[in-house]
Structures are given as structure tokens and as C-alpha cells.
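J.: need the 3D shape of this:
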Amino acid sequence: MNRFTLPRDIYYGKDSLEVLKTLSGKKAIIVLGGGSMKRFGFVDKVLAYLKEAGIETQLFENVEPDPSVETVMAGAKAMREFEPDWIISMGGGSPIDAAKAMWVFYEYPDSKFEDLITPFSFPTLRTKAKFLAIPSTSGTATEVTAFSVITDYAKGIKYPLADFNITPDVAIVDPSLAETMPKTLTAHTGMDALTHAIEAYVSTLHTPFTDPLALKAIHMVFDYLPDSYNGDMNAREQMHYAQCLAGMAFSNALLGIVHSMAHKTGAAFSTGHIPHGCANAIYLPYVIKYNAKTAEARYADIARSIGITGTDAECVDALCKKIDEYNVKLNIPKTLKDFGINEEEFLQKVDTIAELAVGDACTGSNPRSITPAEMAELLKCCYYGTPVNF
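T.: From the prediction side, this is the model:
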């Protein structure tokens with residue numbers, strides 16, 4: 001038996017934030033990131049709409065770009081003290097992901113973070129609160145997904161948490177928020193959305209329900225991302241919808257080893273954090289070449305759907321070249337070496353990272369199996385830019 005789960009309600013379009021006026025409830029805690037939503041006036045709008053709805057509010061602010069276990073626990077504590085019946089999170093993927101995890105520890109204070117690492121093992125939620133998500137970036141699609149990524153900085157590991165329980169009840173996809181994204185963030189989140197859609201399409205768990213969503217998202221990203229990057233606000237709006245469609249697809253079809261690698265390398269190096277979408281963009285062409293041994297026809301489907309012609313192998317090559325071309329347009333490096341990761345440190349850590357990546361929750365639905373030794377070799381290809389021929 002398969003399952004397809006989305007939020008009950010998705011409101012979209014300009015000024016869709018106004019639907020908050022109609023929300024029914026008593027108390028809402030609003031989980032925020034570093035302050036951009038305040039600076040651009042969106043927090044004031046949300047507070048005014050909730051006041052109009054008769055809902056008492058409290059803010060939990062300053063969730064870091066890659067939310068930590070400690071931040072999750074602090075937010076859950078604030079929720080237990082305030083006792084909201086709505087958890088509302090607004091911003092990029094980080095505050096929304098953090099709020100999803102906080103939700104669990106609000107409703108189940110005795111749970112341990114380790115209990116959540118096993119995919120689809122969460123306790124039943126909505127015993128105290130419902131969840132509403134408002135994304136400001138066009139990539140993670142966490143507003144419609146069953147996923148949350150939390151970082152254990154003591155171990156240097158990002159944990160993708162997965163359970164349909166944490167799929168939000170309501171998503172508000174208002175493109176006005178996405179208009180505030182800086183250029184680099186627009187590039188990284190856009191390539192994250194493309195990776196979501198491509199990995200969902202070739203996943204071993206893809207279905208007739210997820211395939212159309214994934215393909216439409218892929219078309220829209222290729223059509224609109226360069227213009228969105230260059231400041232076209234109509235393209236920015238379309239990218240906000242494209243990433244949401246990609247999220248609907250991958251939340252139900254799951255992902256693959258591009259994400260496994262990004263999760264386990266993002267916080268692994270002393271030379272600095274690798275932004276998630278940037279890591280995905282670097283790894284995606286190499287992983288397509290690796291997976292093509294078993295999923296060539298699926299990748300060829302994607303290529304043909306965007307107008308590429310030729311044999312299956314030619315289509316896969318052309319698809320990889322197109323992704324490389326987009327990375328150049330978006331000023332994304334081709335390799336980890338170009339990104340600035342220290343070679344000595346990379347070689348010292350690559351075998352450990354490879355083992356962790358193979359054990360990542362996203363690896364199970366990848367179309368081609370992979371061993372730690374093969375993963376280490378693939379990571380080396382991504383570091384040096386060498387061909388994937390195994």
C-alpha cells in the first residue's frame with residue numbers, strides 16, 4: 001500500500017498571507033530565523049492578521065541557518081510554557097524545519113532526539129497544536145513536506161528527519177516573501193528545487209501521483225530560474241510555485257544520494273559550511289552519471305520532456321551539460337575543490353563521510369545501490385571534477 005500526503009490547505013498568490021485573518025484558534029507561536037522577515041515588514045503583517053483573528057501571539061526568533069538540536073529543544077521549551085494551539089513558522093527552510101522538530105518535543109516532552117532519527121517513527125502529533133508554514137525562499141519546499149533537517153554540531157552531522165506527521169496542516173505560498181531573496185540564495189534554493197524534482201522522478205518510490213509534479217517542477221525551474229536569479233519578479237513568483245510542486249513530489253517519492261551527500265558534507269569541513277542548495281547543484285551531474293547505469297531511461301525521460309533529443313545515453317549527457325551550464329550562469333562552482341574545501345582535510349575525512357552518507361535516510365530510495373567505497377569514489381569525483389566511470 002502506498003501513501004500520498006500533502007497539507008490540507010495550500011494558499012498561494014500575492015497577498016495570500018491575508019488568509020491568516022480567518023484562522024481559528026487561541027494562541028500562536030511564530031518561529032522565525034535571523035530577522036529578514038521583520039526587516040521587510042512581513043512579521044508585522046502576520047501579527048496584525050492574527051490579532052484580527054483574535055489569536056494571542058508570541059515570537060521565537062533567531063533560528064540559525066542550519067538549526068541545531070539545542071535550538072529545537074529551546075523552542076520546544078518556549079512552546080510548553082506558552083501552550084499554543086498553532087505553531088506558525090515563516091522564513092527559509094531552517095526556521096520551518098526547526099519548528100517541525102520543536103512541535104514533536106512540545107507535544108512529547110519526554111522524547112529524545114535520537115528517537116526521531118529513524119525515518120517514519122514519530123509519535124502522533126496534533127494533540128496540542130496544528131502547524132502552518134510560510135516559506136520565504138524558493139527551494140526547500142518544507143512547507144509541504146514530511147521532512148526536517150536538523151544539525152548535531154557536536155557530531156558535525158545533518159540529520160534528515162522524516163515522518164508524514166510533520167507535514168504542515170496549512171501552507172501559505174505568497175510570492176511577495178520570495179521577492180526579498182538575495183541573488184546567491186535565489187541560485188542555491190532554485191538548484192535545490194531542481195534536485196528535489198529530479199531525484200523524486202528517478203526515485204525507486206516514484207508513482208503516477210508524483211511523476212507529473214516532478215516533471216512540471218523541472219520544466220518551470222529550467223524556464224524561470226535564470227530570470228529569477230537576475231531579478232525578474234514574475235520569474236521569482238513562478239519559481240516559488242515550482243519549488244512547491246517539487247516538494248509535493250519528493251515528500252511522497254523521497255530523494256536520493258545527492259541529498260545524502262549534501263547532508264553529510266554540509267557541516268563537515270573546517271573551511272566553512274557548504275550551503276545545502278549549492279552542494280546539491282555541485283553533486284547533481286556526478287550523481288546522474290553514477291545512477292544512469294540503472295536509471296538511464298528515467299533521466300532520458302526528463303531530458304526529452306525539456307526538448308533534448310537523441311539516444312538515452314545522449315539525452316543523459318545533454319541533461320548533465322545543461323545542469324552544468326545553469327551552474328555557470330548561477331555562479332555555482334563545478335567541484336568541491338573550486339568551492340574551497342581543503343584537499344588534505346577532504347582526503348582525511350572522505351571515508352567517514354562516505355559511510356555516513358550511505359547510512360543517510362535518503363540513500364534507500366536512490367535508483368542505484370552504493371557501497372561506502374563507491375560513495376568515497378563518487379565524492380572524490382565531485383572534489384576533483386573527474387569523470388564518473390564506475
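J.: who's in contact with the helix or strand bottoming out on mean pLDDT in the chain?
T.: Across the helices and strands of the chain, the lowest-confidence element by mean pLDDT, DSSP states H and E is strand 157-162, at a mean of 84. Applying CB atoms under 8 Å, 6 or more residues apart in numbering, the contact partners of strand 157-162 are 66, 100-101, 116-117, 119-120, 122, 146-152, 254, 259, 263-264, 266-267, 356, 360-362. Where C-beta positions appear, they are placed from N, C-alpha and C, glycine not excepted.
J.: and those residues, which of them are buried?
T.: For these, a neighbour count by 16 or more other CB atoms under 10 Å gives the buried set as 66, 100-101, 116-117, 119, 122, 146-152, 254, 259, 263-264, 266-267, 356, 360-362.
J.: from those residues, which ones fall inside helices?
T.: 100-101, 259, 263-264, 356 (DSSP state H).
J.: that older thread, got the CA positions of the least confident helix or strand of the chain in CSV?
T.: Provided in CSV are the C-alpha atoms of strand 157-162 (Å, rounded to 0.1, in the frame of the first residue of the first chain):
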residue,chain,number,x,y,z
ILE,A,157,26.2,15.7,11.1
LYS,A,158,22.9,16.9,9.5
TYR,A,159,20.0,14.5,10.2
PRO,A,160,17.1,14.4,7.8
LEU,A,161,14.0,13.7,9.9
ALA,A,162,11.1,12.1,8.0
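J.: what pairs with it, parallel or antiparallel?
T.: Strand 157-162 has the following strand partners under DSSP bridges: strand 147-152 (antiparallel).
J.: so what touches the strand it pairs with?
T.: Contacts of strand 147-152 (CB under 8 Å, 6+ apart): 66-69, 72, 93, 96-98, 100-101, 113, 142, 157-162, 166, 251, 263, 266-267, 276.
J.: name the residue most distant from the centre of the chain?
T.: No residue in the chain sits farther from the centre than G54, which is 32.7 Å out by CA atoms, centre = their mean.
J.: helix or strand for that residue, which one?
T.: In the assignment (DSSP states H and E), G54 maps to no helix and no strand.
J.: ok, now V388?
T.: Using DSSP H and E, no helix or strand contains V388.
J.: kindly report the same for S270.
T.: Here S270 is assigned to no helix or strand, by DSSP H and E.
J.: residue contacts, the nearest residue to it once chain neighbours are set aside?
T.: Excluding the flanking residues, the one nearest S270 by CB to CB, 6 or more residues apart in numbering is E345, at 6.3 Å. Applying CB under 8 Å, 6+ apart, we find E345 in contact with 269-271.
J.: gap between the one helix or strand E345 maps to and the chain center?
T.: Counting by DSSP H and E, the element that carries E345 is helix 343-358. Offset of helix 343-358 from its chain centre (CA atoms, centre = their mean, to the nearest Å): 23 Å.
J.: continuing past that helix, what's the next helix or strand?
T.: Heading C-terminal from helix 343-358 (DSSP H and E), you reach helix 372-384.
J.: helices along this structure, start to end?
T.: 36-39, 42-52, 69-82, 93-107, 175-178, 183-202, 211-229, 233-253, 257-265, 276-305, 312-329, 336-339, 343-358, 372-384.
J.: tell me which of these lies nearest to T137.
T.: helix 183-202 (4.7 Å; CB to CB).
J.: nearest spatial neighbour of D223, skipping sequence neighbours?
T.: Q238 (7.4 Å).
J.: the one you found against D232, yeah?
T.: No - using CB atoms under 8 Å as the test, Q238 is too far from D232 to be in contact (9.3 Å).
J.: could you check which of those two has the larger neighbour count?
T.: Q238 (20 against 14; other CB atoms under 10 Å).
J.: contacts only, for that one.
T.: 220, 223-224, 228.
J.: how about D301?
T.: Y201.
J.: could you check how far A48 is from I88?
T.: 14 Å (CB to CB, to the nearest Å).
J.: neighbour-wise, which of those two wins?
T.: For A48 versus I88, the count of surrounding residues by other CB under 10 Å is larger for I88: 28 against 13.
J.: and that one, bridged to which residues?
T.: Counting by DSSP bridges, I88 forms beta bridges with I30, L132.
J.: I figured it hits L32, correct?
T.: No - with contact defined as CB under 8 Å, I88 does not count as touching L32 (9.5 Å).
J.: grab the nearest non-local neighbour of the residue positioned nearest the centre of the chain.
T.: Note on the chain: the residue nearest the mean C-alpha position is T140, at 3.0 Å, using CA atoms, centre = their mean. Counting by CB to CB, 6+ apart, the nearest residue to T140 once its immediate chain neighbours are dropped is G93, at 3.1 Å.
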